[in-house]
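1. Got a predicted structure plus its sequence, pasted below:
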Amino acid sequence: MTKERPIAVGLGELLWDMLPKGKQLGGAPFNFARHCGQLGLEAFPVSRVGNDELGRETLSLLEDWGVDTSHVSRDPIHDTGTVQVSLNHEGKPSYEIREGVAWDYLSMSEDFEVLASRVNAVAFGSLAQRNACSRSAIQGFLDCMRPDALKLFDVNLRQIYYTTEILENSLKRANILKLSDEELPVLGKLFSLSGSVQDQLAGLMKLFNLKLVAYTRGPEGSLLMDDSGVDDHPGIPIPGKDTIGAGDSFSATLCVGLLSGLSLSQLNDNTNKVATYVCSQSGATPNFPSELMDSISI
């Protein structure tokens, strides 16, 4: 009998990144789902696109890639989301995010509830919760999940599109937190954290009863913390192309490793290898080569 693959969901925005060299399909939750699929999970993006040319192109491309689109709904009124992306000399992106688009109107359905009850891992962020409609759907999905499922909150702060209430409600529903060295000071201020980086991460773990916190530092690696201790990875130097999608590949590799029962040190090594590879390629979701897959313990 064939063993069923764990199910992963990227919950939230699905959009087109309008890059200097042309447009690419993206959105952190979609990137997460795409990477999880490459790493062997049954993966679904849960989102919404417009009934427009970009929406049709989105669904056609996903089908070409073999991505299941059964939980990507069509919006008859609002356009497919787009983001103007610019890159600095280090390949680090900045974003101008269009408002009032299809994924802002993601809504809970009976199909979503059924999927939520089956999911082993989900990744969600703050951006897709900027609108009350999508926020209600995302929180409803999380509330329908099993208590033992992985719920990874990737803070992913973007411009003005977050509030203390959104962050707090997300952290209360999550059991894994991923945040960057640029985002920790924001959360530290909002939740009155003090002390060293590790002190503040431990404070977040205790305050929100988290199983694991992943703290990323770009090319300087990452720190993972759970009840068993801390693992600090120095990072892997590369001649990077751009960092788009690297954090999402980190999240996907982390969840896949957790479902496989890997140690903190192996998790940290795997996530950095995969994120480094993504940084070395153009685009958010490059195909993983066999040598990369063979080098990580999943």
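-> Great, that's in hand.
2. Partner strands of the helix or strand bottoming out on mean pLDDT in the chain and their direction?
-> None of the helices or strands of the chain scores lower by mean pLDDT, DSSP states H and E than strand 93-97, at a mean of 81. Within its sheet, and counting by DSSP bridges, strand 93-97 is paired with strand 81-87 (antiparallel).
3. Show residues contacting the least confident helix or strand of the chain.
-> Contact with strand 93-97 is made by 81, 83-88, 127, 158-159, 161, 242-244, as judged by C-beta atoms under 8 Å, 6 or more residues apart in numbering. All C-beta spots, glycine's among them, are computed from the backbone N, C-alpha and C.
4. Any of those residues buried? List them.
-> Among these, those buried by neighbour count (16 or more other C-beta atoms under 10 Å) are Gly81, Val83, Val85, Leu87, Leu127, Arg158, Tyr161, Asp242, Thr243, Ile244.
5. what about the top helix by length along the chain, average pLDDT?
-> For the chain, the helix reaching the highest residue count under DSSP state H is reported as helix 264-279. Mean pLDDT, helix 264-279: 95.
6. Remind me what that helix packs against, helices and strands.
-> For helix 264-279, the helices and strands in contact under the criterion 3 or more C-beta pairs under 8 Å, 6 or more residues apart in numbering; DSSP states H and E are strand 222-226, strand 229-233, helix 246-259, helix 290-295.
7. Out of the contacts of strand 93-97, flag the one nearest to Arg146.
-> The shortest approach to Arg146 among the contacts of strand 93-97 belongs to Leu127, at 25.2 Å (C-beta to C-beta).
8. how far away is that closest one from Gly261?
-> Spatial separation of Leu127 from Gly261 under the definition C-beta to C-beta, to the nearest Å is 31 Å.
9. same deal with Ala123?
-> 19 Å.
10. Could you check which of these two is surrounded by more residues?
-> Looking at Ala123 and Gly261 with other C-beta atoms under 10 Å, you find the greater number of neighbours at Ala123, namely 30 against 7.
11. quick check: angle from the helix or strand harbouring the more buried one to helix 246-259?
-> Using DSSP states H and E, the secondary-structure element containing Ala123 is strand 121-125. For strand 121-125 against helix 246-259, the angle between stretch directions is 150 degrees (axes from the mean of the first three to the mean of the last three C-alpha atoms, to 10 degrees).
12. Quickly run through the sheet partners of strand 121-125, with directions.
-> strand 7-11 (parallel), strand 150-154 (parallel).
13. pLDDT averaged over stretch 45-65, what's the number?
-> The average pLDDT for stretch 45-65 rounds to 96.
14. quick one: buried residues of that stretch?
-> Within stretch 45-65, the residues scored as buried using 16+ other C-beta under 10 Å are Pro45, Val46, Ser47, Arg48, Val49, Gly50, Asp52, Leu54, Gly55, Thr58, Leu59, Leu62.
15. which ones among the residues you listed are found in helices?
-> Using DSSP H, the subset of these located in helices is Leu54, Gly55, Thr58, Leu59, Leu62.
16. so the first one sits right up against Asp75, yeah?
-> To tie it back to what came earlier, the one meant is Leu54. No - at 11.6 Å, Leu54 does not count as touching Asp75 under the criterion of C-beta atoms under 8 Å.
17. quick revisit: make JSON lines from the buried residues of stretch 45-65 and add distance to Met205 to it.
-> JSON lines is the format used below for the buried residues of stretch 45-65 (distance: C-beta to C-beta, whole Å):
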{"residue": "Pro45", "distance to Met205": "29"}
{"residue": "Val46", "distance to Met205": "27"}
{"residue": "Ser47", "distance to Met205": "29"}
{"residue": "Arg48", "distance to Met205": "33"}
{"residue": "Val49", "distance to Met205": "36"}
{"residue": "Gly50", "distance to Met205": "39"}
{"residue": "Asp52", "distance to Met205": "43"}
{"residue": "Leu54", "distance to Met205": "40"}
{"residue": "Gly55", "distance to Met205": "40"}
{"residue": "Thr58", "distance to Met205": "37"}
{"residue": "Leu59", "distance to Met205": "39"}
{"residue": "Leu62", "distance to Met205": "36"}
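18. And those, which two are furthest apart?
-> Val46 and Asp52 (19.8 Å).
19. so how far is Phe153 from Met205?
-> For Met205 relative to Phe153 (C-beta to C-beta), the value is 13 Å.
20. joint contacts of the two?
-> Common contacts of Met205 and Phe153 (C-beta under 8 Å, 6+ apart): Leu177.
21. Who has more neighbours out of the two?
-> Applying other C-beta under 10 Å to Met205 and Phe153 shows that Phe153 carries more neighbours, namely 25 against 17.
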